[in-house]
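Chemist: Okay, sequence plus prediction incoming.
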There are 2 protein chains.
Amino acid sequence: MAKERKYWNEELETMSLDDLRKLQEKRLQETVSRAYEKTKFYRQKFDDAGIKPSGINTLDDLQKLPLIHSSEDFRKAPIPDRLAVPFEEVKYLESSSGTTGVPMAILWSGKDWKNLMDAEARARWTLGTRPSDVVHVLTGFPCCQGGYQHLGAMVMALSAGRGVLDNQIKLGQMVGVSVLEYLPSLVLKYFERAIEMGYDIKNGSIRLISALGEGWAEAYKRRVEDEYNVTLRTLYGSVDAGLIGAQCESGEGLHTFLDLVITEIIDPETGEVLTPGQEGELVITLLWPDATPIIRYRTGDVTKILPYEPCPCGRTHPRISMVRGRAVQITKVKGKNILPIDVEEIVADIPELESDYQILVDKPGELEVLKVKMEYKPDVKDRKALKKRVEDAFKKNLSVESDVELVPMGTLGREKFKATRVIRTYDEN
Amino acid sequence: MAKERKYWNEELETMSLDDLRKLQEKRLQETVSRAYEKTKFYRQKFDDAGIKPSGINTLDDLQKLPLIHSSEDFRKAPIPDRLAVPFEEVKYLESSSGTTGVPMAILWSGKDWKNLMDAEARARWTLGTRPSDVVHVLTGFPCCQGGYQHLGAMVMALSAGRGVLDNQIKLGQMVGVSVLEYLPSLVLKYFERAIEMGYDIKNGSIRLISALGEGWAEAYKRRVEDEYNVTLRTLYGSVDAGLIGAQCESGEGLHTFLDLVITEIIDPETGEVLTPGQEGELVITLLWPDATPIIRYRTGDVTKILPYEPCPCGRTHPRISMVRGRAVQITKVKGKNILPIDVEEIVADIPELESDYQILVDKPGELEVLKVKMEYKPDVKDRKALKKRVEDAFKKNLSVESDVELVPMGTLGREKFKATRVIRTYDEN
C-alpha cells in the first residue's frame, strides 16, 4: 500500500550514481536532439554556437551549449519558436509572475502535466507528506494542489476560505490540517493570527510546513520548530522549471531530482562553471518536458551543489544547499558575496531589531564596507550600543566591516509582499 | 475520437424519461438508505419526521422527507455527523464562501472527486467547449479548471497572470484563449479593458463565455453577443452541490443533470412543492456523493422547472430557467414577486441610466408600490421625464406601480463585488 512505502519511486530515488549518470546522458542526448530538430529557438542558438546535437553525449559536453537567459532570450522568443510540439498538444499554460515585465507563458503538453504531477507528488513525499495528511496549499498554485492529490492526500481547495486568512485558518482547524504549504515568511503571520483567534498551534494538528524555495533565515525556521513545534522543510521549483528538489526527513540541503534535471552552478558574472561546494547561480537542463525544452537555463537563484555524501534517508541523488537569494541581489564587499539573507540571519538573532532591513549600494563594483539600514524596536534605549553589537555580528559572522544605520520601526515600509532588500543609490545608466 | 462526439455521455444524456426516472428512483433509495445508516445528521432528521428509508421508493415519496437549510441545519452540524465515510476517505475539501457567517466545509471522497470531474466536463461539453479550446477560468475554482482538463481542453492555470487582470488579458491574447469562464457581470469589464489595451475582441479568438449562474439581465447578454460577437452560455452549480445543469447550444434554459440530481421547486415561505412553470426556490437531492449526502437541500436560488419540451440538441433531460436571484431577495409588491434582476432588465434597457440600483423595503410583508433608487448619467437633462419613463417601464413589464428616485452617478457605491440590491430600511428585530 502507498501508506507503507518509504519512497515515492524507489527505483529512481535510490539508483546508483553511475546508473543515474547514464540515464541523464541518455535523456540529455534525446532532449538536445529534439530541441534542435523541433524548435527554431534552440536550432538558432546551437547554430550560432557552432554545435550539433551529435556533439553532446556526456554531461561534460553540456558546457559547449550556450546559456539561456529567461529575460533576455526566452521571453523575447515568440511562443511557436520555443514549442517542440504542435500548439494543439499544449494542454496547460502557466506564466511567470511578470514582476520583471510581461508575464512569460509556460507551456506543457498533456504528457508534461502527468510528469509534473508525478514530480510534485514525489517532492511532497520526500518532505514527509503521506496519503493520511490533510494539506492546505496557501501559495495558490493549482499544480501544487494537483501534486498532493496525486500523492493521495486530503487536500483543501485553493478556493476554500476564498483568500481570507481568518476563514482559511478556521477551516484548517475545523478539519485538522496537518501540512501547510506556504511562503516561509508568511508562516509566522499565519501562526500568530491563529493564536489570536484562540487556536493552539503548538499542540495542534499542523505538523509540517512545506516551504517554497524563498530564502529564509535559519533563525526563523528554528522559531517555527521551537516555538510552535512544527517541522519546516523546503521545496525548490518554479513554474518554468517544475520541481527541482526537496528536503528529506533526515539530511541537509535539498535532494535534486537528477533523473529529471541536470544542475550546474555558474559564476553569474563570467558564466564559468563552478565545482561542488562553490556558491553561484543555478543553471538547469530539464530532461522531461515535451512541449517546452529547457536547456542550460539560468534560474537566477543562488545556491551550491553540496559535496557528495550518502544521505541517511537512502536517497542517492546529490543535494544542493537551500536557495539563498537571487544572483542580482549579490553585493560584493571586499571579495565577499553578501546576500540579503546574510543580513536577515543577523537581524533574526538580535531581538532588539525589527525584521525589516535594506542593503545600500552607493557605487558599482565592489564595496569596502557593507552599508545597512535596520529598524530598531521602540523600547531600545541605547542605540549606539545596539549599532556596535550589530556591526560586531557582521564582523564575526560574515568577516566584513559594516556601517549600520538604525531607523525607527515602520520606516522601511513593512507591508510589501516582496520587500526590496537591495537599494542602489547611484545612477545605473 | 473525443472531438467528433456530440455528447459527453450520450447514453446518460439522451436516456428516455422513463429510464431516467427509474435510475433516479434507484439512486434515491440508495442515497436515502446510506444517509440514514451512515450519518447521525440524517438519521436524526428522518427519525424526527417519523420516516424510514424503506418508505422512500418513488420520486413522489421525496416530499415526506424534511427540507434541509444550509444555514440553519447543515452549518450547525459537526462534520462527523454529516459524513457518510470515515474521515480518512475524504480527499477534497471545499468551503462555502462564508459571506453569511462561518465558511462551511464541503467534503468529498476520492470517488466523489472523479464523479465531480466528470460532471464538470459534461457541463462544459454541453455549453459547447471542445478539446481544441483554450480555456481561461477566471472564477478561481480548481474543480472547474480540473473539469476542463478532464474534458481535454487546453487550460490556463488559475495562477497564470497572478490575479492581475492586465496580465491575464495579455496572456489570454498571447495564446488565443477561446473560452472564458467568468462571472457574467465581470465579462464586460474584461472586454472593455482588453480593448483599452489594444486588443480586438470582436474579431478575436474568444468565442464563448461560460458564465456561472449569477442572474444577469438578458439585455447585458445581448450586448456581449451583439457588440463583441461572443456567445454567452450559463452553467449552474455550486461548491456544495457540484454541477446541476448547463445551457446547451440550442435550447432555452439549463438542462439539469437528472441522473445526478433530483430537483424540486418550493414556495420559499411555505415549503410547498410547486409545479413546472411556477417560480420558487430550488431544492436539490444529489444522487452521486459518497462523503456528504445532500437530501432535499434548499439552495436559496430562485428558478422554475420549465414545462417539458424536447430540445433540438437531443438531450432528454428537462430544463430549468436561468437562476433569477436568491429567495431572500424577493420583494412582494401587490402579490407579485420582484427580484433585483427584474429591475436590472429595465435598467439595462434605458441608456440614460447607470447600472447601479437599489430596491428599498420600508416595512415587512407585502408592499403596495415598488420603491427603487437608480443612478442617472451626467448628461441627463430632464429628470422628471426620465423618472416617468422608468415608472412606465415597470408598469408595462412587471405590472407594478413604482416610485423611482433618481440619484447622481456614483451615489450607490459602484465598486462592490457583490452589490447589495435590496435595502431593508425598517428594524427587522
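Modeler: Ah, there it is.
Chemist: quick check: longest helix of chain A.
Modeler: Taking DSSP state H as the criterion, chain A has its longest helix at helix A:17-38.
Chemist: what pLDDT, on average, does the very next helix or strand once past it get?
Modeler: Reading on from helix A:17-38 to the C-terminus, the next helix or strand found by DSSP states H and E is helix A:40-49. Averaged across helix A:40-49, the pLDDT comes to 96.
Chemist: Against which helices or strands is the helix or strand that comes right after helix A:40-49 packed?
Modeler: Using DSSP H and E, the helix or strand that follows helix A:40-49 in sequence is strand A:68-69. With contacts taken as 3 or more Cβ pairs under 8 Å, 6 or more residues apart in numbering or on different chains; DSSP states H and E, strand A:68-69 sits against strand A:297-303. Every C-beta, even on glycine, is put in place using the N, C-alpha and C of the backbone.
Chemist: Who are the packing partners of the strand it packs on?
Modeler: In this structure, strand A:297-303 packs against strand A:68-69, strand A:280-286, strand A:325-326, with contacts taken as 3+ Cβ pairs under 8 Å, 6+ apart.
Chemist: I'd like to know which of the ones you listed lies nearest to residue A:191.
Modeler: Evaluated over those, closeness to residue A:191 peaks at strand A:325-326, with 24.3 Å, by Cβ to Cβ.
Chemist: Near residue A:157, how many other residues are there?
Modeler: By the measure other Cβ atoms under 10 Å in any protein chain shown, the count of residues near residue A:157 is 22.
Chemist: Tell me if I'm right that it and residue B:95 touch.
Modeler: Yes - Residue A:157 is within contact range of residue B:95, at 7.4 Å (criterion: Cβ atoms under 8 Å).
Chemist: so what sits against both of those two?
Modeler: residue B:239 (Cβ atoms under 8 Å, 6 or more residues apart in numbering or on different chains).
Chemist: need the contact list for the closest residue to residue A:256 other than its chain neighbours.
Modeler: Spatial nearest neighbour of residue A:256, excluding adjacent residues (Cβ to Cβ, 6 or more residues apart in numbering or on different chains): residue A:245 at 4.1 Å. The contact partners of residue A:245, taken as Cβ under 8 Å, 6+ apart, are A:123, A:235, A:236, A:237, A:254, A:255, A:256, A:257, A:317, A:319, A:320.
Chemist: repeat for residue A:89
Modeler: Counted by Cβ under 8 Å, 6+ apart, residue A:89 has contacts A:109, A:110, A:290, A:291.
Chemist: In contact with residue A:208, which residues?
Modeler: Residue A:208 neighbours (Cβ under 8 Å, 6+ apart): A:127, A:128, A:129, A:133, A:178, A:179, A:180, A:230, A:231, A:232, A:233.
Chemist: Check those residues and tell me the two furthest apart.
Modeler: Maximum distance among the contacts of residue A:208 (Cβ to Cβ): 15.3 Å, for A:133 and A:232.
Chemist: just to revisit the earlier point, might you specify the subset of the contacts of residue A:245 located within helices?
Modeler: If you go by DSSP H, the contacts of residue A:245 have residue A:123 in helices.
Chemist: sorry, back to before: scan the contacts of residue A:208 and report the most crowded one.
Modeler: residue A:179 (27 neighbours).
Chemist: partners of that one in the sheet?
Modeler: residue A:135, residue A:208 (DSSP bridges).
Chemist: mind showing which ranges of chain A have poor pLDDT?
Modeler: A:1-3, A:98-101, A:413-419, A:428-429 (pLDDT under 70).
Chemist: The residue in the stretch 251-400 of chain A positioned nearest to chain B - nearest residue in space that isn't next to it in sequence?
Modeler: The minimum distance from the stretch 251-400 of chain A to chain B, using Cβ to the nearest Cβ, falls at residue A:291 (10.7 Å). Excluding the flanking residues, the one nearest residue A:291 by Cβ to Cβ, 6+ apart is residue A:109, at 4.3 Å.
Chemist: does the one you found really touch residue A:93, like I thought?
Modeler: No - Residue A:109 is not in contact with residue A:93 according to Cβ under 8 Å; the separation is 11.1 Å.
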